[in-house]
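> just need the structure, nothing else, for what follows:
(2 chains)
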There are 2 protein chains.
Amino acid sequence: ATPPPRRSHRPAFAGLCLCLGLCRGLQFNDVDEEAPSAAQTSKYGSLWPLPQEVNIAETSFKLSSSTFRIVDSKQSSAGPSCNILQNAYRKYFEYMFGVARKQEFGKNGRPGLSELTELQVWVTSVDSECDGYPSITSDESYELAVDQPFALLVAPKVWGALRGLETFSQLVYEDEFGAKNINATKIKDFPRFAHRGILLDTSRHYLPVKAILTTLETMAMNKYNVFHWHIVDDPSFPYLSRTFPNLSQKGAYHPYTHVYTPADVKMVIEFARLRGIRVIPEFDTPGHTQSWGKGQANLLTPCYSGSKPSGSFGPVNPILNTTYDFMTQFFKEISSVFPDAYVHLGGDEVDFTCWRSNPDIQKFMEDHGFGHDYSKLESFYIQSTLSFDNEELSKVTASGYTTILSAPWYLDYISYGQDWQKYYKVEPLNFNGTEQQKKLVIGGEACMWGEYVDATNLTPRLWPRASAVAERLWSHQNVTDINDAYSRLSAHRCRLVERGIPAEPLFSSYCPREYKAV
Amino acid sequence: ATPPPRRSHRPAFAGLCLCLGLCRGLQFNDVDEEAPSAAQTSKYGSLWPLPQEVNIAETSFKLSSSTFRIVDSKQSSAGPSCNILQNAYRKYFEYMFGVARKQEFGKNGRPGLSELTELQVWVTSVDSECDGYPSITSDESYELAVDQPFALLVAPKVWGALRGLETFSQLVYEDEFGAKNINATKIKDFPRFAHRGILLDTSRHYLPVKAILTTLETMAMNKYNVFHWHIVDDPSFPYLSRTFPNLSQKGAYHPYTHVYTPADVKMVIEFARLRGIRVIPEFDTPGHTQSWGKGQANLLTPCYSGSKPSGSFGPVNPILNTTYDFMTQFFKEISSVFPDAYVHLGGDEVDFTCWRSNPDIQKFMEDHGFGHDYSKLESFYIQSTLSFDNEELSKVTASGYTTILSAPWYLDYISYGQDWQKYYKVEPLNFNGTEQQKKLVIGGEACMWGEYVDATNLTPRLWPRASAVAERLWSHQNVTDINDAYSRLSAHRCRLVERGIPAEPLFSSYCPREYKAV
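Numbers count the residues shown, from 1 in each chain, chains lettered A, B, ... in the order given. Below is the predicted model:
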């Protein structure tokens, strides 16, 4: 409604409310159907993902930034030279206390009776694996006992110690006066699945290294352990290859500003290692290779229109020896750059149209007796590229293919409301199969494909939605209480925000310290 | 597939591709159906929203940060004392050149022949309105002529000058050597609709002032002119009232960290004014007032369960004189704090259940002859609160209710893909009605309700999706070419990113300078 002109002798206000009222009406219908929103406090506080066994007593201790220390236990096989732990000690101290003021630090005075002054970290295996890389078989288990005179974190390897440090930091809470507290607690923990990954796509949009590091940091807060780096694809080739620099020179969105140099890649791998995270790169062939063709002549199949080349190109050309020479050299580099035992080779979605149009390919098919079955040509390509010898191949086959579940967790698909619940409710083993078959499911991945995602929206789109997946992959199968999860996840997301990660809210609510940057 | 263990004599790589392949397969189906993705360059460059009349010639001029200046024209009614323009000059200079290095600044040497060294800004009305507030009747028109010896921006009021400065800055582009260029151009521009708003909801989630200022800044880049501040609602009452400080003391999420002080509000209003943006606050009553009840006794209706109060409360209590005393005082404050002639009073979605349960209300209904029609009680409340006298009310009614369109533009509803196109394709006057009725549509608003939005995800969720609405509300009705829009909007969003705004991408692509913060 148009209001009358403002007059000084009476409060002036009037409505513009017709349409806006409607607008909100629609809004509310959906919301009321959504599940939990009132935050009841969980007896597990803000633990996320929930450890396998947790026992929290009522006794609580105070923690002071001036006295509390995280130290190597005397028996530990990981000492002051273990970067992984020393870095983690500093980081978690800061997470728990913020950057402590210098005056406070190391001040004298006896600790109070109900004060906890030390967390001892004891890596029990002779080989702590501190200087190694995490792998699919890494032991991430740990036990944590918070009690006086000190708290004790025991783990066979540094990987478990890292997970236990995150858990310890999640047990610390502020009381109403802002003092740091922790309850007497016993925890025994290990992951349900060995492979817990996040896929980022740096081809559809380039992600600055900083955005990748932020993701790795947040992954550690959620006990993820695999960064699946979908590094190249049709749209762009940002990987700077030492052997074939033309690939990014011609195939990246920009040859200097939109590439990952060897130094960048090394930094990502080391940053991940320090957090117990594997880096599995993906170089998909023979399809999804348009960007490869720009910097490597004769790599892609020339498509034909009738009897003439059309000027466009299809998948990798599988009939040239030069292709296999190139692939051998290229993947030799990849296997030396990336320390993980796995490289993802893709191999899906090959469009046969272009192969079919090309007379040289047709002849090759005939010569090899493939008939018109182009999937045989694809297999030929894959076999030749992999160059598995038969003996090994049969070994692999006999042991069965392991599976990584990702189909229900495409986090780039967004929708209105609390869709974290949908991701949370997925039970990875909920399929018809034998016990043997279920054992082949070694984990899962949350995928963030890049069509609509870059550094501007990656982090709030990923977190805390990927946190829901993280608990499903780490915690016991019977951890399914959605109300308890809502309470813990709300607190966990506020913790992420406090640690500087713009993780989006679950529903109407607030964090004690809101995100303040742009 | 599980790979064989890595062996040193051959590149080790193997697939984990089973599920991931599937995952991407699904991905692509949707994407291919989406409309434009290949960026053809628009003949209108990166202009957004498109001005009413644009004529861009091929002649181009260079701009140097060491020589180029934005100055008041000698005839202008707005001089060096006009903060609005002086602030805008500095800001747009920085947008165009970045913060210029001191050495460059003011260096000698004659400008080149094809160099543009000056933009003169001429406000033609005797009253430039520089010290006023923008209003629904503000003149935002301007004309821009870019040519030698200088470019000229002519506008009746400072509001048009602001819009023209944004347009000028959008005409500047970098050539392949990074030099700044602008083409000879003639533009005549004015908004199609007078009311072009963004609604932010600071009750469901508190938004730090910084997030509001960032939104205002980005609104100016999109020629928005109304900030509809949905400041309080059921979940929280962050407005710190000088008259009734208990409202936020008790009703805010936190009485110190989650409130807007008078100084905050003043800053928001002034920041908006400097950008030609009105601030229309919304205080919705009698429903949506749960948070009001915490700090103001007897304001809400006690609900009954049978013959006893249930302990819960409903809408504002319309039968007490104290209610109207409170409202009069409260809105008197509001009308003095907010300079705009409009205050949004809400008034929708009143749930009658509680009123119906209350015996005192029942008696009041009877006494007033309202029968069982509670909408009559609601009208009674609204009339009493507004205290319109009949004369004025009939004046308003006779002139017809004006309408603000927002129903198609609830940007908090998200979905996968290029939904900006959906918002873009809305034609506000596409309804059955007379010319007279269509004239009553004075504009529209993009609503960002706060259930799932706070400072962590607000900006990328709002931009560039709200940019699509901005063009619909500013540009000529016939500006509907979706391919041309895609091209200009892609460039516009990269400009937002360069200016530090994390506006999300439209589709697979890149910006010359990607967003780099967290």
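> so who does the residue most central in space within chain A touch?
Geometric centre of chain A, nearest residue: residue A:198, 3.1 Å, by CA atoms, centre = their mean. Counting by CB atoms under 8 Å, 6 or more residues apart in numbering or on different chains, residue A:198 touches A:215, A:219, A:224, A:226-228, A:445-446, A:448, A:462, A:466. From N, CA and C alone the C-beta is placed, and that goes for glycine too.
> sec struct for it, please.
Secondary structure for residue A:198, judged by DSSP: H, G, I helix; E, B strand; the rest coil, is strand.
> quick one: it from residue A:313, how far?
In this view, residue A:198 and residue A:313 are 32 Å apart by CB to CB, to the nearest Å.
> go on, residue A:245?
21 Å.
> what's the answer for residue A:414, then?
Relative to residue A:313, and taking CB to CB, residue A:414 is found at 33 Å.
> which residues in the stretch 51-200 of chain A form helices?
A:83-97, A:158-171 (DSSP state H, counting those that start in this stretch).
> report pLDDT for the closest residue to chain B within the stretch 301-450 of chain A.
The minimum distance from the stretch 301-450 of chain A to chain B, using CB to the nearest CB, falls at residue A:348 (2.9 Å). Here the pLDDT value assigned to residue A:348 is 75.
> secondary structure class for it?
Secondary structure, three-state DSSP: residue A:348 is coil.
> burial of it, as a residue count?
A total of 18 residues lie near residue A:348 under the criterion other CB atoms under 10 Å in any protein chain shown.
> tell me where the stretch 301-450 of chain A has strands.
With DSSP state E, counting those that start in this stretch as the criterion, the stretch 301-450 of chain A has strands at A:308-316, A:403-405, A:441-448.
> a markdown table for those strands, including distance to chain B?
A markdown table is the format used below for the strands of the stretch 301-450 of chain A (distance: least, CB to the nearest CB, whole Å):
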| stretch | distance to chain B |
| --- | --- |
| strand A:308-316 | 14 |
| strand A:403-405 | 5 |
| strand A:441-448 | 5 |
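> which of those strands has the lowest average pLDDT?
Minimum mean pLDDT among the strands of the stretch 301-450 of chain A: strand A:403-405, a mean of 89.
> tell me what it is packed against?
Counting by 3 or more CB pairs under 8 Å, 6 or more residues apart in numbering or on different chains; DSSP states H and E, the packing neighbours recorded for strand A:403-405 are strand A:441-448, helix B:17-33.
> okay, now the sheet partners of that strand, with direction.
strand A:441-448 (parallel) (DSSP bridges).
> what residues of the partner strand count as buried?
Within strand A:441-448, the residues scored as buried using 16 or more other CB atoms under 10 Å in any protein chain shown are A:441-448.
> between the residues you listed, which sits nearest residue B:357?
residue A:446 (47.3 Å; CB to CB).
> pretty sure the closest one sits against residue A:215.
No - assessed by CB atoms under 8 Å, residue A:446 is found out of contact with residue A:215, at 10.9 Å.
> quick one, what contacts the closest residue to residue A:305 other than its chain neighbours?
Once flanking residues are discounted, residue A:305 sits nearest to residue A:357: 7.3 Å by CB to CB, 6 or more residues apart in numbering or on different chains. For residue A:357, the contact set (CB under 8 Å, 6+ apart) comprises A:303-305, A:310, A:314.
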